[in-house]
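**Student:** fold the following, please.
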Amino acid sequence: MTPLLEVKNLKKYFKTAGGTLHAVDNVSFTLDRGKTLGVVGESGCGKTTLGRTVLHLTNPTDGEIFFEGNNITNPSKHELKKLREDMQIIFQDPFSSLDPRMTVSEAIMEPLLLKGGMSKDDMREQTRKLMDTVGLAERFEHSYPHELDGGRRQRIGIARALALEPKFIVCDEPVSALDVSIQAQVINLMLDLQEERGLTYMFVTHDLSVVKYISDDIMVMYLGQVVEKAPAEELFQNTLHPYSKALLSAIAVPKYPNDTKRILIEGEITSPVDPKPGCRFMARCRYACEECKNPQRLVEHAPGHFVSCCRYKEINNIRENKEEKVNE
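**Tutor:** Here you go, the predicted model:
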């Protein structure tokens, strides 16, 4: 079965005064229809740039992008217009992504106007249906973004993304600017929409507790590269990369034992400008050795579980032995 989205060796570089910034560097993955790929990592790891490059909001430097089996790496204007209908984005900040001069109905209707082919009455009817779908009461139809709270503003963003009935949506930290209680409502809404419409998501976030709840697979990025990728449950139960372990240790979950220790990442962050060919996490990794200076590649540890670390087997064996001694 052909995946909905396939990315091969994707790169996105930016020229800077100090050299070439490797924002996304040799990233590959596939995403099946109706599934969610979570993309996690610290700020500056390239996860948002990856999503924008896939959508052609910024052009790739190298690599290939396939959508429904078709190569869309360098689309024509006509092809790009069609892709805009099939591929959409929900932005992180629901306030700055909305035009403050547009009412709720005008903002949701805008994609329909740009596409054309519908009467004004049909567009108004479709807009009301979209408002109802995302849980926006009809009384907010003529309200402006500044009159609404963050949760309702994000629902406008979701309605806009749904307006052209897309197949794939990049969710760029869609709940990070919301209160915790509102986060749960928006995530549950997105899950319901996915089930009803067969949507496929790339869910970009730095919150691992959120990404575990919504994702089928999780991809961990560090300075533009993928360091680990696995099914969600597998990643949490059998974390292999030292960076992924440090991220997971920072999750505050009451059910975890009280003696669970947070892994502190120390050391200087490697510059993403003209980086050396070795492991980019090496300067901050407690297990770094000479071999880490060599180019690293993703290897399949178990079906669907990939890791980019030359010492991951040794590191995990060391940890298991320590745990056995403590239990004795």
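**Student:** please name the bridge partners of T16.
**Tutor:** G19 (DSSP bridges).
**Student:** so how many other residues sit close to it?
**Tutor:** Residues contacting T16 under the criterion other CB atoms under 10 Å number 11. Quick note: C-beta positions are derived from backbone N, CA and C, even for glycine.
**Student:** tell me what the lengthiest helix in the chain is packed against?
**Tutor:** Counting residues, the longest helix found in the chain (DSSP state H) is helix 180-197. Secondary-structure packing of helix 180-197 (3 or more CB pairs under 8 Å, 6 or more residues apart in numbering; DSSP states H and E): helix 150-162, strand 200-205, helix 208-214.
**Student:** off-centre distance for that helix?
**Tutor:** 16 Å (CA atoms, centre = their mean, to the nearest Å).
**Student:** contacts for that helix, please.
**Tutor:** 34, 36, 133-135, 149-151, 154-155, 158, 162, 165, 171, 174-175, 178, 199-201, 210, 213-214 (CB atoms under 8 Å, 6 or more residues apart in numbering).
**Student:** change it to 6 Å
**Tutor:** Here helix 180-197 makes contact (CB atoms under 6 Å, 6 or more residues apart in numbering) with G151, Q154, V175, I214.
**Student:** would you mind measuring from the closest residue to I169 other than its chain neighbours to T200?
**Tutor:** Residue nearest to I169 in three dimensions, not counting chain neighbours: Q88, with 5.0 Å by CB to CB, 6 or more residues apart in numbering. Using CB to CB, to the nearest Å, one gets 11 Å for the distance from Q88 to T200.
**Student:** neighbour count: these two, which is higher?
**Tutor:** Q88 (24 against 21).
**Student:** let me have the helices and strands packed on helix 180-197 in a markdown table, extended by mean pLDDT and distance to A283.
**Tutor:** Formatted as a markdown table, the helices and strands packed on helix 180-197 follow (pLDDT from 0 to 100; distance: least, CB to CB, whole Å):
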| stretch | mean pLDDT | distance to A283 |
| --- | --- | --- |
| helix 150-162 | 93 | 37 |
| strand 200-205 | 96 | 25 |
| helix 208-214 | 86 | 23 |
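**Student:** quickly note the distance from the most centrally placed residue in the chain to N316.
**Tutor:** Closest residue to the average C-alpha location of the chain: V204 at 2.0 Å, with CA atoms, centre = their mean. As judged by CB to CB, V204 and N316 stand 28 Å apart.
**Student:** cool, and G51?
**Tutor:** 31 Å.
**Student:** before we move on, what about E147?
**Tutor:** Counting by CB to CB, the gap from E147 to N316 is 53 Å.
**Student:** so between the two, which is more surrounded?
**Tutor:** Per other CB under 10 Å, whichever of E147 and N316 has more neighbours is N316, with 19 against 12.
**Student:** how about that one: what's its closest non-neighbour residue?
**Tutor:** Closest to N316 by CB to CB, 6+ apart is L240, at 6.2 Å.
**Student:** show me the contacts for D274.
**Tutor:** G19, T20.
**Student:** hang on, the earlier thing: next SSE downstream of the host helix or strand of the residue nearest to I169?
**Tutor:** Take DSSP states H and E as the rule and Q88 turns out to sit in strand 87-90. Downstream of strand 87-90, the next assigned helix or strand under DSSP H and E is helix 104-115.
**Student:** flag every buried residue along that following helix.
**Tutor:** V104, S105, A107, I108, M109, E110, P111, L112 (16 or more other CB atoms under 10 Å).
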